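Asks: Below: sequence and its predicted model.
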Amino acid sequence: MYGGGNTFEGIKTDSLAHEDPEKLGAFEARIERGEKIEPADWMPQLYRKQLIRMIEQHAHSEIIGALPEGTWITRAPGFKRKLALMAKVQDEVGHAQLLYSAAETLGKSREQMITDLITGKSKYSNIFNYPAYTWADACFISWLVDAGAIVNQLANAKGSYGPYCRALERICAEESFHLKYGHHCVIYLAAGSQKQREMFQEAINRWWPPMMHFFGPADKISEHTAVLMKWKVKMATNDDMRNQFLDMYVPKILELGFTIPDPKLKKNTDTGRWDYTEPDWEEFKRVINGDGPCNKERLEVRRIAEERGQWVRDALKNAKTTYVTPLA
Amino acid sequence: MNSLDPRVKRLPETGKEGLVIPKAPLDQLGTYEVFVQPKEGKPFQHEGAVHAPDLELAFVLAKETLTRRFACSSLYVVDTRNVYVSPMTEGNQNAYDTLNITNDQGTPSSYEVFHLVKRGKQHVHAGTVEAGSPQGAFAEARKKFGDKPVYNIWIIPTAEIRFTTAEEKDLWLTLPEKKFRDASDYKGGDKLKEFLERTT
Amino acid sequence: MNASALKELLYKIADDQLILGHRNSEWTGFGPLLEEDIAFSSMAQDKIGQSYALYQILNQLGEQAPDTVAFMRNANQFHNCILVELPNGEYDFSLIRHFLFDTAEAIRFDMLSNSSYQPLAELARKIKGELRYHTLHANTWIKKLGTATEESITRLQRSLDTALPFALGIFEPSPHEDELMQQGIFEGEQTLQHRWKTRIEEVIRETSLALPDWASVKPVTGGRTGNHSEYLQPLLDEMAEVFRIDPATEW
């Protein structure tokens, strides 16, 4: 699962100046026709670069996203929850694998991508830099963070790059149970004991601000990304997705008798958009650049995992292995 | 390491905190293409790729990486380097027309032929041909399957494929029973209804 | 049919699967290669799922509900062998344990597919494919790493030496062995152990690993009678941490 908060580099439109105008025209016409771009097709360098960055960030978000819910994998209460959470966290790893494969078709190696993650060079969805203090936190993530990711993924599944779209279709299919499972967990907390209700209310209070950051900075302060929308790399604005999420899930949270810690949160009947306390975008920037509660731990866990497994991979390598780009 | 995750607390001290060892080339090994038969009688289709050191481990890993969730009756894998890829076409152009048909030399062996019938979709198995080389196999495939235009063709030497054996078909037997991964197993509606009636 | 003989059999198999499945789930997200992380996690789920099926059979025989039985018993009430409760160690130990245990499990269920106790025979037939995968996975990895580098061979050998005495604890005989055999429910731990040793030797022969003389390996037993290592209770405390916040509620 993955959220917005993509850190796209500022797009300098003149970086297209060196591209063959005829090829560029044909490329853009193909996209406009609704056809997919496949690995063997000609594409502008900027397209390749931004797609690698986007798919890579998504892949990293999955493998890191396995960690907050993974916090509770050994403590899931009861067989049903235990099996479900084991499968869900496994799916995050599986989705990372699918997405790294899609990014590989664009020419970046998995070795380089994993190294860039652990060194902190590549980014991932900010929300996973927060701690999952209780079982209820894990349920919040399973339901609402997944819900957010699905809003994002459904939009991107209609994008222009074939391998990414196919990976997303598969991911959406596998995630259909994640969302239902998450909601199921929360319904049971809501309908359960006083302790359970309180546990979840406290989780909402903790996770609501990061959730409002989830879709990325407000449109009005976001980088100008017109060319990315033309190329169907970015499929919807951050605010559009945020509003879609609020439309779908605020009522569901409130119907369970929980409160949302933002007194300003309200659907504006005039604008048709949600009013809310403007999220702290300075905090967002700080956290995504390494200064969040769990950034250090998340990367350390990945670093340790890779190092512990080094002897295994070294033993698997053999003299005949060479690398070619995998097929989409 | 201090953590909310007891598993993380148990992780052994490894290397030096914050000191990343950049990955050497081939740390993640090479790749194998994975082909899946969704149901008995249906053609195999390309499903994706796995990183693995050899054909046997590629088969073992592909089974869970790419066929752990949805119905599947069979799977096979082949080294990415053993997939011969034609040029890609578009519009009305047939990928078979992009090739020079050459005379086939060499001892005949079997090749599997895959077609991309629609851009954006996966390659699907069209059939098997006998030829003396991959190029010859393209020519034979054109004769046998080239009546309708396709956008891309893959040729794979049959001998390089690790197939599922007859005995191994039961690997996917319990897949449909793992309801805990089905959305339909999480119908919270009744509980929700009961809760709403209780509290409103 | 002696209910307690049957129940004891079911409990020990289910407890083995629950504890090992739980241990193996500790690797999810931490594996040496993404694809292997995924594979190992699947097998952990299979184990938990299989234990769940067995606790459900026990429930039908009058035992408490599966959640209660799994999450509310303490260490001295568990009948798993000590092998499965040991910490995961590094990947070499976890793979060796997987190899030793799953080889036995596959043979056990192969034997049980002829059991006179129908629910067990049915379950055995149903999970044959899952166990086929578990042994295919284990054998492929052991053969690969057991012939690869000096480091991988040394690590595997060390783990094998450590694990073998505990592995023999799988076959600790039950006081009801004769009865289970007479009733046709199960052909017994001795037969299982014999077949297991042959299978293990076959695989190890294809590696650079060495098996000691079986006579020199002293079995570590006690798990079947509730006498466990210091590792089980903390494992159970962790597993049941949330459940025990309120065992009466639904999660």
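Replies: Yep, it's here.

Asks: all helices for the chain, in order.
Replies: By default, I'm working from chain A. A:21-32, A:45-70, A:79-104, A:110-119, A:135-140, A:146-156, A:162-190, A:194-213, A:226-230, A:238-255, A:281-286, A:295-308, A:310-316 (DSSP state H).

Asks: nope, chain C
Replies: With helices called from DSSP H, chain C shows them at C:3-25, C:34-60, C:66-72, C:82-85, C:91-112, C:118-126, C:128-145, C:150-168, C:177-182, C:189-205, C:232-239.

Asks: Buried deepest among these, which one?
Replies: Burial of the helices of chain C is given as mean neighbour count (mean count of other C-beta atoms under 10 Å in any protein chain shown); helix C:82-85 ranks first at a mean of 25. Where C-beta positions appear, they are placed from N, C-alpha and C, glycine not excepted.

Asks: Return the distance of the nearest residue to C:M72 once chain neighbours are set aside relative to A:H213.
Replies: Of all residues not flanking C:M72 in the chain, C:P247 sits nearest, at 6.3 Å (C-beta to C-beta, 6 or more residues apart in numbering or on different chains). Using C-beta to C-beta, to the nearest Å, C:P247 is found at 37 Å from A:H213.

Asks: who has more neighbours, the two?
Replies: More crowded of C:P247 and A:H213, by other C-beta atoms under 10 Å in any protein chain shown: A:H213, with 26 against 14.

Asks: which one is that one nearest to, not counting chain neighbours?
Replies: Nearest residue to A:H213, sequence neighbours excluded (C-beta to C-beta, 6+ apart): A:F284, at 4.7 Å.

Asks: My guess is the one you found contacts A:P217. True?
Replies: Yes. Counting by C-beta atoms under 8 Å, A:F284 touches A:P217, with 6.7 Å between them.

Asks: wait, what's in contact with C:P66?
Replies: For C:P66, the contact set (C-beta atoms under 8 Å, 6 or more residues apart in numbering or on different chains) comprises A:F79, C:Y52, C:Y55, C:Q56, C:L58, C:N59.

Asks: Go again with 7 Å.
Replies: Under the criterion of C-beta atoms under 7 Å, 6 or more residues apart in numbering or on different chains, the neighbours of C:P66 are A:F79, C:Y52, C:Y55, C:Q56, C:N59.

Asks: Quick check, the residue in the stretch 51-200 of chain C closest to chain B?
Replies: C:G129 (3.5 Å; C-beta to the nearest C-beta).

Asks: That residue contacts B:L173, correct?
Replies: Yes. Counting by C-beta atoms under 7 Å, C:G129 does reach B:L173; the two are 4.0 Å apart.

Asks: got a pLDDT number for residue 85?
Replies: Here I'm looking at chain A. Per-residue pLDDT puts A:L85 at 98.

Asks: Not quite, go with chain B.
Replies: 95.

Asks: Return the residues in contact with the nearest residue to it once chain neighbours are set aside.
Replies: Once flanking residues are discounted, B:V85 sits nearest to B:W154: 5.8 Å by C-beta to C-beta, 6+ apart. By C-beta under 7 Å, 6+ apart, B:W154 lies in contact with B:V83, B:Y84, B:V85, B:F114, B:H123.

Asks: Is the first one in contact with B:V34, as I believe?
Replies: Okay, so that is B:V83. No. Here B:V83 lies out of contact with B:V34, judged by C-beta under 7 Å, at a distance of 11.3 Å.

Asks: Mind checking which of those two has more residues around it?
Replies: Taking other C-beta under 10 Å, B:V83 and B:V34 do not tie; B:V34 has more neighbours (27 against 22).

Asks: my read is that one is in a helix, agree?
Replies: No. Using DSSP: H, G, I helix; E, B strand; the rest coil, the assignment for B:V34 is strand, not a helix.

Asks: doesn't B:E130 fall inside a helix?
Replies: No. Counting by three-state DSSP, B:E130 falls outside a helix, being strand.

Asks: Just give the number of residues close to it.
Replies: That count, for B:E130 with other C-beta under 10 Å as the rule, works out to 14.

Asks: Go ahead and confirm it touches B:S110.
Replies: Yes. At 6.0 Å, B:E130 counts as touching B:S110 under the criterion of C-beta under 7 Å.

Asks: helix, strand or coil for the residue nearest to B:V85?
Replies: Per three-state DSSP, B:W154 ends up strand.

Asks: Averaging pLDDT per element, find the lowest-scoring helix or strand in chain A.
Replies: The element with the least model confidence among the helices and strands of chain A, by mean pLDDT, DSSP states H and E, is helix A:226-230, at a mean of 87.

Asks: Name all residues that make contact with B:G146.
Replies: Residues near B:G146 by C-beta under 7 Å, 6+ apart: B:Y96.

Asks: How much space separates C:L211 from C:Q157?
Replies: Separation of C:L211 from C:Q157 (C-beta to C-beta): 10 Å.

Asks: right, I mislabeled it, should have said A:L117
Replies: For A:L117, the distance to C:Q157 - C-beta to C-beta - is 34 Å.

Asks: now swap in A:Q310 and tell me
Replies: 19 Å.

Asks: Can you pull the residues of the stretch 51-200 of chain A lying near chain B?
Replies: Contact residues (C-beta under 7 Å from any C-beta of the partner chain) of the stretch 51-200 of chain A with chain B: A:70-71, A:74, A:80, A:83-84, A:87, A:94, A:97-98, A:101, A:110-111, A:114-115, A:118-119, A:131-133, A:162, A:165-166, A:174, A:176-177, A:180-181, A:183-184, A:187-188, A:190-191.

Asks: burial count for the closest residue to chain C within chain B?
Replies: Of all residues in chain B, B:D170 sits closest to chain C, at 3.5 Å by C-beta to the nearest C-beta. Using other C-beta under 10 Å, B:D170 has 17 other residues around it.

Asks: Identify the residue nearest A:N295 in space, chain neighbours excluded?
Replies: Per C-beta to C-beta, 6+ apart, closest to A:N295 is A:N129, 4.9 Å.

Asks: what's near enough to touch that neighbour?
Replies: Applying C-beta under 7 Å, 6+ apart, we find A:N129 in contact with A:V287, A:G292, A:P293, A:C294, A:N295, A:R298.

Asks: Get me the contact residues on the stretch 51-200 of chain C for chain B.
Replies: Contacts of the stretch 51-200 of chain C with chain B, taken as C-beta under 7 Å from any C-beta, map to C:K126, C:I127, C:K128, C:G129, C:E130, C:R132, C:Y133, C:L136, C:H137, C:T140, C:K144.

Asks: near chain A, from those?
Replies: Subset of these in contact with chain A: C:K144, counting by C-beta under 7 Å from any C-beta.

Asks: now the residues of the stretch 51-200 of chain C next to chain B in JSON lines, with pLDDT?
Replies: JSON lines is the format used below for these (pLDDT from 0 to 100):
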{"residue": "C:K126", "pLDDT": "96"}
{"residue": "C:I127", "pLDDT": "96"}
{"residue": "C:K128", "pLDDT": "95"}
{"residue": "C:G129", "pLDDT": "95"}
{"residue": "C:E130", "pLDDT": "97"}
{"residue": "C:R132", "pLDDT": "97"}
{"residue": "C:Y133", "pLDDT": "98"}
{"residue": "C:L136", "pLDDT": "98"}
{"residue": "C:H137", "pLDDT": "98"}
{"residue": "C:T140", "pLDDT": "98"}
{"residue": "C:K144", "pLDDT": "97"}
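
Asks: can you put the residues of the stretch 51-200 of chain C next to chain B in TSV and add distance to B:L192?
Replies: What follows is those, written out as TSV (distance: C-beta to C-beta, whole Å):
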residue	distance to B:L192
C:K126	33
C:I127	34
C:K128	39
C:G129	37
C:E130	34
C:R132	41
C:Y133	38
C:L136	43
C:H137	40
C:T140	46
C:K144	50
